[in-house]
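Asker: Sequence and predicted structure are below.
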Amino acid sequence: MLAGLGVVLIVVGAVMRYSINVDGRNTEGFDVRMIGLIVMVGGGLTLAVAAIQGLGWMSSKNSHVRSERSVGDNGRTVIEDTKVS
C-alpha cells in the first residue's frame, strides 16, 4: 500500500512539474514546477521506505515456530522453538 502511494505521488508530481504550463511559472509565490519536484521527491522517499519494510518482512531472522507438548507419565511439558527458513 505504501508503494502504491509512492507511485501516485511520483505521477502527480511529474504532471505538476512537466505538464502544467502557467504563465511565468509563478502564481503569486506558488511555483507549480517546484511543488511538483517536491511531491516527486516525497514519492521517491515513500518508495524507499516501502522497499525497506518489504525487506524486513521477507527476512527470516525472526521467523520461528513454537510448539508445546506433554511428554511422559509425569506430565512434563516440553516447549520447542524451531527456526523456519
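Answerer: Arrived safely, thanks for sending. Numbering: from 1, shown residues only.

Asker: Now do stretch 5-15, average pLDDT.
Answerer: For stretch 5-15, mean pLDDT rounds to 95.

Asker: any weak-confidence spans in this protein?
Answerer: For the chain, the stretches with pLDDT under 70 are 23-27, 58-73, 75, 77-85.

Asker: if you set the cut-off to 90 instead, what comes out?
Answerer: 1-2, 20-33, 53-85 (pLDDT under 90).

Asker: If you count contacts, what does the longest helix along it end up packed against?
Answerer: Selection of the longest helix in the chain by residue count, based on DSSP state H, yields helix 32-58. The contact analysis (3 or more Cβ pairs under 8 Å, 6 or more residues apart in numbering; DSSP states H and E) places helix 32-58 against helix 2-14. C-beta here means a position set from N, CA and C on the backbone, and glycine is covered the same way.
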